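# Kindly return the folded structure for what I paste below:
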Amino acid sequence: MSSSFVVIGVPLFFIVPYLTAFVLFLIISLKYSDKLLRFSKDENDNLIANFESVTHISYIISTISRIIISLIVIALRVQLLQLLGIEYTPYIIFQEPEITLIILITIIFDLLLLSSKGIMVGMHRRMLAEYKHHLSRKRGK
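Residues are numbered from 1 along each chain as shown. This next block holds a predicted model:
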C-alpha cells in the first residue's frame, strides 16, 4: 500500500477509506464466517476447515489487485509513461487525464485488495478460534 502513496501518488487522505474498507470487511467476515466456513473432523480427530467459494474469490481478487498495482509501480519506476509521452508528476490530481486514470485505477484496486484482505483476516481469526476450541475439547477428554 505504501507504493500507492509514495510511487504512484495517491493522496494520503485516501488512507481513511482504505482503513474503513479493511475494518468493514473484517467485521462482516467475522460476523458471517460461520456461514462461509465448515469444520469437520477426520478419523484421527483432526480438525479440517472447508472453505466456501467466497474465500477462494477473495484470494483471487487480492492476488490480481496486488499484481496490477505492482505493474503500475513498475511502469512508473522504469519511466514507461515518459517514453509514451505522458508527463507524470506525482501528488497532483487532475493535472493530466492519463495520470488521473492511473491514480483512480490504483485506488480501486487498493480498495479491492484491502477488502479481500479484511475478509481473509476474518476467516483466519474464525479458524483460529475454532481450532483453539477444538484443542480445549481434546484436552478435556
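
# Just give me how far the strand or helix carrying residue 35 sits from the chain centre.
For residue 35, the host element (DSSP states H and E) is helix 15-36. How far helix 15-36 lies from its chain's middle: 11 Å, per Cα atoms, centre = their mean, to the nearest Å.

# now do stretch 69-77
Averaging C-alpha positions (Cα atoms, centre = their mean) puts stretch 69-77 18 Å from its chain's average.

# What residues sit buried inside it?
Residues of stretch 69-77 classed as buried by neighbour count (16 or more other Cβ atoms under 10 Å): 69, 72-73, 75-76. From N, CA and C alone the C-beta is placed, and that goes for glycine too.

# List just the nearest of these to residue 56.
Proximity of these to residue 56 (Cβ to Cβ) peaks at residue 69, which lies at 20.7 Å.

# How confident was the prediction at that closest one?
pLDDT recorded at residue 69 is 82.

# which SS class is it?
helix (DSSP: H, G, I helix; E, B strand; the rest coil).

# Report all helices and strands that the strand or helix carrying residue 134 contacts.
Assigned by DSSP H and E, residue 134 belongs to helix 97-140. Applying 3 or more Cβ pairs under 8 Å, 6 or more residues apart in numbering; DSSP states H and E, we find helix 97-140 packed against helix 15-36, strand 37-41, strand 47-51, helix 53-77.

# Same list, the ones you listed, but as CSV with distance to residue 112 please.
Formatted as CSV, the helices and strands packed on helix 97-140 follow (distance: least, Cβ to Cβ, whole Å):
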stretch, distance to residue 112
helix 15-36, 9
strand 37-41, 22
strand 47-51, 19
helix 53-77, 5
